[in-house]
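**Student:** Need a 3D model of the following:
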Amino acid sequence: MPYAGDHSPEFTNFQLTLFEAEWRDLYFFLESHGYRLRPRYHPDWEPSWKRKNIEFYEAEDYIQFPVRIGVMDATRISNGQLVYLKEVKSASSELKILSYLSSDELRKDPRNHTIPLLETIQHPSKPSLVFMVMPFLRFIDQPPFETIEDVYECGEQVLEGLAFMHEHRVAHRDCAYKNVMMDAAALYPRGFHPVQTRSLPDISGSAPVLPRSSVIIKYYFLDFGISTQFNHDGHPRLVVGRDGLERSVPELSDDVPYDPFKVDICILGAFFKQHMLDKYSNLDMIASLAARMTSKDPQLRPNATEALAEWRNIRTQTPPLQRFWRIKPRDETFIASVFRDAISLFASMQTAGVRAAPSQPL
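**Tutor:** Below you'll find the predicted structure:
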């Protein structure tokens, strides 16, 4: 990896990479627009562990952002919100689609689960580029799901968001695990570090995390780099291309046109299989739907509205005690299962009882 300084291995993280140096040069520009990069990227940065007489790995400014060209974390100065900066071409379809889905009118719709575009900032020296500013999100299972209801809530929001996008003639085409994430800010009352996500922002200790059931979590679609928006509802609405994270979709082709809306359904079906059904043993109630969503024949897959209706039906038909039961990892031992079931029984009875209890007249 190239470094903006000494190239020897022992200087890893002690010097900025060339990738990081580009962000360092933008520090004051971004600050003037209301966003502050971490201390590591200040133009006058010197390793803090040298003056504090601590081990380098104890210092926050030792931590690099994972190398992804054109992206970086930052803090919104006005409110302390952790955000994500992404450099894109101002004429890109990604920016056009996300700007459309983040319009004031569409943002008012509660079914809209596309990541909010907080603002765009023109690059100071590259006229063809802008920075998209978005909330900093986490993977849907970090921290892990705790109950079946957590999974139900996630799946319903994701399918609701997909149905909303399809209603507005947008096919995501890459809605796999890394591009469906959650706003977990409410789970972390003291915040978290954008790279060492289990740590406090200053990495002085572990970041306290609240139970998922105690806060409202919203799930979002992001990365519209290969998405397509159609200008009308007529047919055919077809595309070509094999790009994307999920490689199991059978009809992907560079030559034979296919329906990208059916591809979205297949990708989410694979998402449910890989990150829910394959990981947990007591989610069989969604197996049939996931199987139909991933049918090899695109015509046999439900559309997004149909999949959402079926998911909601499964959720409402599940008894409250079962919905608030813990999810069971498939690699869990028998002894651990018995112990955790005892704890879950008590917790789920309390939760289900509270949520099912009728309101008392005043």
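**Student:** can you give me the strands in the stretch 101-250 of the chain?
**Tutor:** With DSSP state E, counting those that start in this stretch, the ranges of strands along the stretch 101-250 of the chain come out as 119-122, 129-135, 138-139, 170-171, 180-183, 218-221, 228-229, 239-241.
**Student:** Mean neighbour count added to the ones you listed, as a markdown table?
**Tutor:** Where you see a C-beta, it was placed from the backbone N, CA and C, and this is true even at glycine. Below are the strands of the stretch 101-250 of the chain laid out as a markdown table (neighbours: other Cβ atoms under 10 Å):
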| stretch | mean neighbour count |
| --- | --- |
| strand 119-122 | 16 |
| strand 129-135 | 21 |
| strand 138-139 | 16 |
| strand 170-171 | 24 |
| strand 180-183 | 21 |
| strand 218-221 | 21 |
| strand 228-229 | 16 |
| strand 239-241 | 15 |
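**Student:** Tell me which of those sits nearest to Pro201.
**Tutor:** strand 138-139 (14.1 Å; Cβ to Cβ).
**Student:** Check which strands are paired with that closest one and give the direction for each one.
**Tutor:** strand 180-183 (antiparallel) (DSSP bridges).
**Student:** For the partner strand, give me every contacting residue.
**Tutor:** 115, 135, 137-140, 154, 158, 217-222, 268, 271 (Cβ atoms under 8 Å, 6 or more residues apart in numbering).
**Student:** and which of those is nearest to Asn303?
**Tutor:** Closest to Asn303, out of all of the contacts of strand 180-183 and judged by Cβ to Cβ, is Leu268, at 11.7 Å.
**Student:** which residues does the closest one contact?
**Tutor:** Leu268 touches Val158, Leu159, Leu162, Cys175, Val180, Met293, Ala307, counting by Cβ under 8 Å, 6+ apart.
**Student:** Closest one of those residues to Asn79?
**Tutor:** Using Cβ to Cβ, these come closest to Asn79 at Val180, 25.4 Å.
**Student:** What residues sit buried inside stretch 44-57?
**Tutor:** Trp45, Ser48, Trp49 (16 or more other Cβ atoms under 10 Å).
**Student:** Settle this for me: the first one is touching Arg38, isn't it.
**Tutor:** Think Trp45. No - contact between Trp45 and Arg38 fails when scored by Cβ atoms under 8 Å: they sit 9.4 Å apart.
**Student:** May I have the residues that are in contact with Gly225?
**Tutor:** Ser92, Glu94, Asp174.
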